[in-house]
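K.L.:
One predicted model, sequence on top.
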Amino acid sequence: MTTLAATASARPAPPALFAVTIFTSAALVFLVQPMVAKLVLPLLGGSSSVWNTSMAFFQIALLAGYAYAHLLQRVASIQRQAIIHCAALVVAALVLPLRVSELAGPPSSDNPNLWLLTVLTLSIGAPFAILSATAPLVQAWYARTTGAVEGKEPYALYAASNLGSLIALLAYPIAVEPALTLVGQRFGWSAGYGLFVVLIASLGFAVSRARSASTDQSPGAVGKTSWRDRLIWIALAAIPSSLMLGVTTYITTDVASAPFLWVLPLALYLITFIVAFQAKPAISPALTLTLQGAALAVCAALLPFRSTFFGLQLFIHLAAFFLTALMCHQRLVARRPEPGRLTEFYLCLSIGGVVGGGFNAFLAPVMFPDVWEYPIILVLACLARPWGNLNRIPIWNWSLLILGVGAAVATPIAVTFASSQLTTETIVGAFDQSELFDMAMKGLLALAVISAFLVRRQALFFFAIIAVLSYAAETAADRTDTRQSWRSFFGVLKLSQTQVPSLGGTVKMLAHGTTLHGAQAQRPEYRCRPLAYYTPRTPIGQVFTAMAAARPNLRIGAVGLGTGSVAAYVRPGDRLTFFEIDPLVVKVASDPANFSYTSECAKAPVDYVIGDARLTVAKQPAGSFDILLIDAFSSDAVPAHLLTVEAVRGYLTKLKPDGILILHLSNRNLDLLGPAQSVTRKAGGWALVQEYRPDKDPMGTWESPEDAVIAANSRQALARFAADNRWRPANPFLVRPWTDDYTNLAGAMYANLKARWVWLP
């Protein structure tokens with residue numbers, strides 16, 4: 001009986017228990033990431049940098065967890081490891097239930113990165129790091145117990161870990177976010193954490209019993225790891241990490257900062273781990289290299305052409321990212337060590353993640369005046385491909401190299417020549433000539449892409465063509481005369497100029513990302529005429545003109561500064577306050593050397609309040625404003641938290657009884673008119689809608705199409721606009737109103753696509 005009992009107790013823990021434990025921990029880790037980012041999003045203006053910084057933090061916390069798991073292997077007894085790990089989980093739970101810690105104080109526009117890292121550390125740092133340690137720790141337990149008995153490697157469990165991560169990540173925007181309020185999400189995750197502590201304790205008990213029935217000794221000696229191996233592991237992990245944040249910035253800059261978009265690159269990133277760590281991968285390494293060569297070459301040529309249909313851009317960039325990450329991870333798997341060095345291997349992978357993420361989140365905004373980190377890492381990723389035999393390179397590869405580089409180099413030369421021949425005035429009368437030039441330019445880029453693909457087996461040749469191609473495409477796409485650019489946590493500002501004969505010549509423009517945020521003519525007689533979205537004929541201009549005619553003095557609030565164009569409407573006795581989250585925008589727009597709307601055109605002093613609009617407007621006295629303009633864009637992205645019922649209800653309380661709220665909703669990729677109309681009604685306001693499309697551009701103007709909703713606390717306040725047939729009554733029943741607990745940006749994107757493509761259901 002004693003022998004039978006000992007044999008039973010020596011039986012290893014079932015493999016399913018290991019898989020379920022790793023799956024659960026990974027699900028909790030990746031469920032909390034978009035959840036926490038959404039909690040802090042309203043405090044920092046909805047910038048995609050919030051997500052990038054959050055991701056960098058999570059990678060640092062992951063590194064801390066993997067380092068903890070690696071150090072824990074110095075404890076010879078698995079039973080003691082299990083006890084220590086369970087105790088650490090319990091101690092980390094002291095910060096729960098999940099919430100945004102207030103110990104760091106209010107958000108800072110001067111040091112947003114530091115503030116966000118502090119808040120995340122205090123709010124979720126300890127539970128996240130300890131949870132992250134589960135995957136390598138449990139795999140190490142498996143290698144010393146069940147895996148040792150059954151002769152199986154533990155690396156397959158890493159696929160289970162990433163599968164749990166992927167399911168949780170996709171479940172958040174599909175099921176969790178629509179179904180649960182933020183309060184429900186916070187407490188639900190905290191309860192899940194408690195259940196996981198019970199699960200890991202059960203596994204720890206099972207593996208401890210298995211080890212206690214045999215000789216409980218430390219793992220056998222393993223070979224030492226060379227620094228070359230470690231550096232290769234780190235580099236191959238850093239490239240996908242950096243590209244994930246780079247492609248996320250690219251996507252969210254032109255759509256919206258929202259979890260449903262953020263999770264796309266992260267989900268693909270996890271899928272590459274699942275495929276790479278499979279015993280029989282669904283995509284072979286050879287096929288990956290072929291597809292990656294094609295996708296990366298096309299992506300490098302297409303990247304600067306941001307006016308291309310968004311669906312095509314999304315597909316090309318995500319495909320290039322996915323295949324590049326898969327290539328790097330498959331090359332990592334090919335270099336994986338024996339199970340005895342497992343935790344060190346994962347520690348190096350985590351260091352690579354921190355290096356890649358930290359480069360994008362912290363170094364690149366300081367080093368580069370524009371978002372150059374994404375194309376730079378795309379180009380460097382070429383060097384992760386096999387280098388081939390450098391001593392035996394076929395002559396036709398040299399020919400393709402010369403052809404590809406030559407075609408790419410010819411592109412910027414052709415652009416420079418054409419720019420000198422086709423000025424703004426001559427292009428209008430030379431459409432055919434300009435069109436032929438574009439076709440020839442794109443033909444040269446296509447030739448470089450084909451050449452790059454054909455030499456893909458020689459990494460150095462492929463790298464050379466892609467590097468020149470990236471520069472050539474950027475030159476070909478950028479037709480504006482960019483004079484200066486600045487970069488901050490909140491995005492990239494570009495000052496450029498063009499020639500507009502109807503405005504007397506030079507017009508200066510300010511772009512945030514890819515979207516024009518204002519323009520000013522330089523000829524004295526036109527300098528104080530608001531342009532683009534703010535001319536008197538646009539909905540914004542109509543409201544300012546009508547209110548000025550009705551009242552001798554106006555108290556105006558404007559969320560989002562841009563170039564300060566609306567300051568041109570300020571008369572003596574008026575008062576204008578701009579609410580702007582980015583101090584850099586204030587610095588650029590208020591400098592007379594750049595724009596003079598606020599310094600020259602405004603006939604009364606202009607005030608600035610720095611910080612997120614939800615927080616700063618909320619501090620204003622009730623009944624303050626005759627006009628409150630909400631025009632807060634980050635490139636073409638609208639921070640969703642500024643268009644919720646709670647936000648609009650707050651705006652309405654700041655209006656005078658007959659004051660007007662203007663919601664500027666122009667957006668290339670999202671239909672925001674439906675949500676804005678339903679939100680206004682739910683917030684207790686009355687609303688009118690206008691979709692302005694200029695039919696002609698009279699002398700002395702330069703207009704843009706504009707979608708706007710105006711709202712007030714009473715129907716009488718909108719009477720003068722309701723009598724104008726350019727405005728129509730709002731329909732509050734088009735979509736479900738957005739709230740701080742519910743937003744549907746995916747639906748807004750679909751509605752926009754449906755309006756463009758009539759065949760959509």
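P.N.:
Nice, I can see it. Numbers count the residues shown, from 1 in each chain.

K.L.:
which stretches of the stretch 501-650 of the chain form helices?
P.N.:
Secondary structure of the stretch 501-650 of the chain (DSSP state H, counting those that start in this stretch): helices at 539-550, 583-589, 613-618, 645-653.

K.L.:
What average pLDDT does stretch 468-477 get?
P.N.:
On average, the pLDDT along stretch 468-477 is 70.

K.L.:
returning to that earlier point: out of the helices of the stretch 501-650 of the chain, nearest to residue 15?
P.N.:
helix 645-653 (48.4 Å; C-beta to C-beta). Where C-beta positions appear, they are placed from N, C-alpha and C, glycine not excepted.

K.L.:
pLDDT weak spots in the stretch 151-300 of the chain?
P.N.:
Across the stretch 151-300 of the chain, the ranges flagged by pLDDT under 70 are 151-156, 210-223, 252-262.

K.L.:
that older thread, residue 374 is nearest to which of the helices of the stretch 501-650 of the chain?
P.N.:
Once these are compared by C-beta to C-beta, helix 583-589 is nearest, at 20.6 Å.

K.L.:
just to revisit the earlier point, next, format the helices of the stretch 501-650 of the chain as JSON lines and append distance to residue 558, mean neighbour count and mean pLDDT.
P.N.:
What follows is the helices of the stretch 501-650 of the chain, written out as JSON lines (distance: least, C-beta to C-beta, whole Å; neighbours: other C-beta atoms under 10 Å; pLDDT from 0 to 100):
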{"stretch": "helix 539-550", "distance to residue 558": "10", "mean neighbour count": "19", "mean pLDDT": "96"}
{"stretch": "helix 583-589", "distance to residue 558": "12", "mean neighbour count": "20", "mean pLDDT": "93"}
{"stretch": "helix 613-618", "distance to residue 558": "10", "mean neighbour count": "20", "mean pLDDT": "86"}
{"stretch": "helix 645-653", "distance to residue 558": "12", "mean neighbour count": "20", "mean pLDDT": "95"}
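
K.L.:
out of these, which comes closest to residue 742?
P.N.:
helix 645-653 (9.2 Å).

K.L.:
ok, residue 22 - how many residues close by?
P.N.:
Neighbours of residue 22 under the rule other C-beta atoms under 10 Å: 29.

K.L.:
Nearest spatial neighbour of residue 166, chain-adjacent residues omitted?
P.N.:
residue 270 (4.4 Å; C-beta to C-beta, 6 or more residues apart in numbering).

K.L.:
helices or strands next to the helix or strand harbouring that neighbour in the packing?
P.N.:
Following DSSP states H and E, one finds residue 270 within helix 259-276. The contact analysis (3 or more C-beta pairs under 8 Å, 6 or more residues apart in numbering; DSSP states H and E) places helix 259-276 against helix 15-40, helix 48-72, helix 156-171, helix 227-253, helix 310-334, helix 745-756.

K.L.:
How far does that helix sit from its chain's centre?
P.N.:
A distance of 13 Å separates the centroid of the chain from that of helix 259-276, by C-alpha atoms, centre = their mean, to the nearest Å.

K.L.:
And the helix ranked longest in the chain, what does it pack against?
P.N.:
Of all segments of type helix in the chain, defined using DSSP state H, the longest is helix 182-212. Secondary-structure packing of helix 182-212 (3+ C-beta pairs under 8 Å, 6+ apart): helix 2-10, helix 15-40, helix 78-92, helix 126-132, helix 134-144.

K.L.:
need the ones you listed in CSV with distance to residue 738 and mean pLDDT, can you?
P.N.:
Conversion of the helices and strands packed on helix 182-212 to CSV gives the following (distance: least, C-beta to C-beta, whole Å; pLDDT from 0 to 100):
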stretch, distance to residue 738, mean pLDDT
helix 2-10, 57, 42
helix 15-40, 13, 83
helix 78-92, 34, 90
helix 126-132, 28, 90
helix 134-144, 36, 83
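
K.L.:
so which of those comes closest to residue 729?
P.N.:
Across those, residue 729 has its closest neighbour in helix 15-40 (33.0 Å, C-beta to C-beta).

K.L.:
before we move on, back to that, for residue 143, find the nearest of the helices of the stretch 501-650 of the chain.
P.N.:
If we rank these by C-beta to C-beta, the stretch that ends up nearest is helix 613-618, at 50.0 Å.

K.L.:
Show residues contacting that closest one.
P.N.:
42-43, 45, 106-107, 557, 559-560, 579, 581, 609-610, 628, 630, 632, 641-642, 647, 650-651, 654 (C-beta atoms under 8 Å, 6 or more residues apart in numbering).

K.L.:
sorry, back to before: residue 143: which of the helices and strands packed on helix 259-276 is closest?
P.N.:
In terms of C-beta to C-beta, the element of those nearest to residue 143 is helix 156-171, at 9.5 Å.
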